Structure formats: structure tokens, C-alpha cells
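J.: show me how the following folds:
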Amino acid sequence: MSSKAEQYDVIRKPIITEKATMASESNAVVFEVAIDANKPQIKEAVESLFNVKVKAVNTSITKGKVKRFKGQLGKRKDVKKAYVTLEEGNTIDVSTGL
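T.: Model (predicted):
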């Protein structure tokens, strides 16, 4: 079992978008996670931090956009999202924060 500090490093913040809200209707919660985190680490972190049972974890990596900063080309960081499906009867209220 890893420490709480390491689990907070794995799970960065909840993502609250229109798509994430639609996912919450099917008992799923969306988190931004560390880019090097794997599915078992994410599952363990969510279960211990929120005291819930996790059914499945799906991940996706969004590539950072190329943007201009004061005329210079720059690139936003890549972001990894985890769609965490919870077992029946388990909920996480992401509006309260971590």
C-alpha cells in the first residue's frame, strides 16, 4: 500500500466538463492523472482516498496543443485522463474537492 502523498501524486484533480458530467450518469468519475500512472495504481489510489469500490478504469492521453506565446511557438503539456467506473451504490462527490 502506498502512502497518501503518493496517491495524491497519481490523481491530480477531477475533471468537470460536459462529457464528464454525462459519464457521471453511468456511475463514472473522470480524473486528471499523472502521465506515467497505470490502471492498477489509479484504481488503488481512488479506492483508498475515497473509500469506494472501483469496477473499471479506462485511460486516454490528450496530446498538448501547439500555441503561440508572444509570437513564439510553444506546446501545452500532454494530459492523461482516467474514466473510473464505480461499483453500484458507490459515489464520489467531485464538487467538494479532494
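
J.: all contacts plus neighbour counts: C-alpha atoms, from now on.
T.: Noted.

J.: in this structure, which spans are helices?
T.: For the chain, the helices defined by DSSP state H occupy 4-10, 18-24, 39-50.

J.: mind listing residues that contact the second one?
T.: If you take Cα atoms under 8 Å, 6 or more residues apart in numbering as the criterion, helix 18-24 is touched by 29, 30.

J.: let's see 10 Å
T.: Residues from elsewhere that reach helix 18-24, judged by Cα atoms under 10 Å, 6 or more residues apart in numbering: 14-17, 28-31, 83-86, 91-92.

J.: what mean pLDDT does that helix have?
T.: Per-residue pLDDT over helix 18-24 has a mean of 90.

J.: can you tell me, leaving aside adjacent residues, what's nearest to the residue nearest in space to the middle of the chain?
T.: Centroid-nearest residue in the chain, with Cα atoms, centre = their mean: residue 31, separated by 1.7 Å. Spatial nearest neighbour of residue 31, chain neighbours left out: residue 14 (4.2 Å); criterion: Cα to Cα, 6 or more residues apart in numbering.

J.: the one you found contacts residue 94, doesn't it?
T.: Yes. Using Cα atoms under 10 Å, residue 14 is in contact with residue 94, at 6.5 Å.

J.: out of these two, which sits in the busier spot?
T.: Taking neighbours as other Cα atoms under 10 Å, residue 14 and residue 94 compare with residue 14 leading, 19 against 14.

J.: and the gap between that one and residue 69?
T.: 27 Å (Cα to Cα, to the nearest Å).
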